[in-house]
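Participant: have a look at this prediction, sequence included:
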Amino acid sequence: MSAGNESGHTPTLESVLDDVTSCVLQAVHQNVCHFPSTIVFNHSSADEPTPIIINLTDARHAVSCHEVSALPLLGIFTGIGFIMPVVVTIVILYQWTKQLMHRHFVTSKYENLDGQSSTDQPILEHGHLQAFKDLMESRAKETKLTKWINDAANPLVPTGFYMNIAGLIAAALSFVLYLSAVSVKIPSVDLCGTMPNAQQILDWFLNLFLLAYLLIRVYGRDRKLRALICGHAWVDYFTLPAALVVPFLDRYLTGYGFLRSYSFLWLVEILAYKGNFRIHNTLKLTHLVFLVIIILFVCTGFLHLFENKGDFYSGTPNGHMVTYWECFLYLYGRITLIDLSGMKVLSVLGKVTTYLFQLFALGTIGRIIPQIVALIKKRPDYDQEYVLPDRFLHVILAGQITTSAVNDFLREFFHADRPLSKNFQVAVMGEKEPDELMNQLMKKYFMRAEYKRGSVMSVKDLAKIKLNEAAAIVLLADRPAPEAESADSINLMRVISIKNFNNLARIIVQLIQFHNKAFLTKIPTWKVERGDMCICLAEFRFGLLAQSCRAPGISTLIANFFMTRLYDDKDKEKHPHRNKPWMEDYLRGSAAEMYAKRLSDSFVGWSFRDLCRFTYEKLDAILVAVKTNPFELNTMPLVNPGASCLIEKNTLGYFIARDVTELAAITLYCDRCHKDTRDFRTIKRCACGSCVSLPPPPH
């Protein structure tokens, strides 16, 4: 209706503003306001009265929820933040206890009459090969969604790396939105009547993504309990419920949004994964700097929350309106003794926060924490039992463990040209406590390698490292040792200790002297047929020299096959000396390695010569050998068998190529779908789902 007074004449602009002001104040304090939805008044500067209409029905005023006696949500979400990890931990412990009891029941059920458990029976020969087959079958049965989640939870693969970056960006934007809200004085940290609000809606979508990322990290990792109780998960417990619920209640709660600053530690982890920190001190210093800044932001957030909210136990409200940056300058001034905020702390909780922050800044907490850890005597991670991964087989690396030797092994083992290595995890067993360089190396290969302290001479340590379930154990030799005989004797004793623990364990051992290989043949359980292998460094070195006398240059050729290198044409600009033709030919050839790939069933019936011509012309690769029974370890491949050799089903081919991706067509080729393909390097898995044998190839 049109507003006027009861006498019928039109009100002036000043009277209208006075009525609106008094009405808003009345709404804030009493939640009751009755005024007309439309007001008409005369413009005083006009010659003729011009009616101007003000519509008040769309005006929304965000007020303190405490003033309108709304339900306090801060305490509810605080309780949820503390209860959620406790409930989740209880559920996981219950599931773990249930599986442990079930495993114990099954083990005791099949005990034989002599009292010997079935687990003490000898393991089947080639058990690691069967385990690898089972792993590959389980991988093949996984859905695309499961594979994507597993990759998204691993920050070392591209999908997980980009998901980690997306999580960092979402958390940073959520923290920026929090700062934009608390950088000005607001009536309360809990406001009613705030919707619609574009910032709240954006923050809701960001927190929805962070919730999905939390579930991905928990589901896609083997150690789910650690993912549920880590620092990033605690931040989600205190921030996600409020951010996802309060918009539907037409409210806004600043709450614990300042905890999102903890997510900036993801930036340090991302830089560490990319190898940007060449020196461990740089990584440690960066982590400490970020940690100090994050603690300053978090303490500022608590002080801002307590000062605006006041003491929750106090009968009379003692809070007052302050901005986030006033609290920041106040805490900064408590350290530097230069207070630029001019703020006075009124709440008791705010004073407690200030005192605790000062204790941390003065280093008191830094001196107390080591003493508490020493009293608790918690076992470090490298002394705890190795946890078998669900989606990987593990290989044990022992012997002479040094940072350089482990780095060389992991770099070659997990090279991009070795696609099968993504199915394995390396458990490094060293006899000493890991130093800073080793810890940095383990962080670089996070979720791919894990360090455990122990010795293969100890039965307890062999059980802790899960030797019975390992695909193989690699024993490194002490190559720079002054006495080679002593170093080989130690490795031989390690082999005996492992075979006494499990006579079917597959061992790959390095020896320095050639004549020490004879001692391995005297061990009754040493079986080459089961995959046991000895790599003699002296034999290999002298063998290359001998072959070089018969064929000069073969040592360089074989050495290039063993080294994984990448050839890039863009490096010509950086290295002008590479413009020479012979240098380009050498670098292009040295980038080639030896790869083993299973041949497609479509090549069944082809001769070795025809397949050589096909791979050279279509894939720019060289076929040098084939193996018709790839799972028989005691048989050797047939090197250049000639035209009389015909390809059989499940044949394994050995190729010389620059990249393993170039050989994808060897396994995926199908006569039905790829017969007319011109570029065989772009072949994908066919839609028919099966390969048919080709007719006899033309000669």
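Facilitator: Sure thing, it's come through. Numbering: from 1, shown residues only.

Participant: pLDDT wise, what is the closest residue to Leu356 other than its chain neighbours at?
Facilitator: Nearest non-adjacent residue to Leu356, counting by Cβ to Cβ, 6 or more residues apart in numbering: Cys299, 7.5 Å away. For the C-beta atoms, the positions are set from N, CA and C on the backbone; glycine is no exception. For Cys299, the pLDDT comes out at 85.

Participant: okay, buried residues for the strand or helix carrying Cys299 please.
Facilitator: Element membership for Cys299, per DSSP states H and E: helix 280-309. Residues 280, 283, 286, 290, 294-309 are the ones in helix 280-309 that count as buried (16 or more other Cβ atoms under 10 Å).

Participant: ok so, going back, how much space between the residue nearest to Leu356 and Gly231?
Facilitator: Using Cβ to Cβ, to the nearest Å, one obtains 16 Å as the distance from Cys299 to Gly231.

Participant: cool, Pro155 as well?
Facilitator: Computed as Cβ to Cβ, the Pro155 to Gly231 distance reads 16 Å.

Participant: which of those two has more neighbours?
Facilitator: Counted by other Cβ atoms under 10 Å, Pro155 and Gly231 do not tie: Pro155 has more neighbours, with 22 against 11.

Participant: these two touch, right, Lys499 and Arg506?
Facilitator: No: contact status for Lys499 versus Arg506: not in contact, 10.7 Å apart, counting by Cβ atoms under 8 Å.

Participant: in the stretch 51-200 of the chain, which spans are helices?
Facilitator: All helices of the stretch 51-200 of the chain, identified by DSSP state H, counting those that start in this stretch, fall at 74-109, 127-141, 144-152, 158-182, 198-220.

Participant: and Tyr237, which of those helices is closest to it?
Facilitator: Between Tyr237 and the helices of the stretch 51-200 of the chain, the tightest spacing by Cβ to Cβ is seen for helix 74-109, at 4.5 Å.

Participant: burial of Val184, as a residue count?
Facilitator: 10.

Participant: and for the nearest residue to it once chain neighbours are set aside, the neighbour number?
Facilitator: Spatial nearest neighbour of Val184, excluding adjacent residues (Cβ to Cβ, 6+ apart): Thr323 at 6.1 Å. Thr323 has 17 neighbours, counted by other Cβ under 10 Å.

Participant: give me the phi and psi for Thr323.
Facilitator: phi -90, psi 160 (degrees, to the nearest 10).

Participant: show me the contacts for it.
Facilitator: 182-185, 304 (Cβ atoms under 8 Å, 6 or more residues apart in numbering).

Participant: go on, Val639?
Facilitator: 624-625.

Participant: cool, the one 3 residues further on as well?
Facilitator: By Cβ under 8 Å, 6+ apart, the residues touching Gly642 are 608-609.

Participant: ok, Met163 next?
Facilitator: 152-153, 155, 213, 216.

Participant: please identify which of the residues you listed is nearest to Ile169.
Facilitator: Ranked by distance to Ile169 (Cβ to Cβ), the contacts of Met163 are led by Tyr213 at 11.0 Å.
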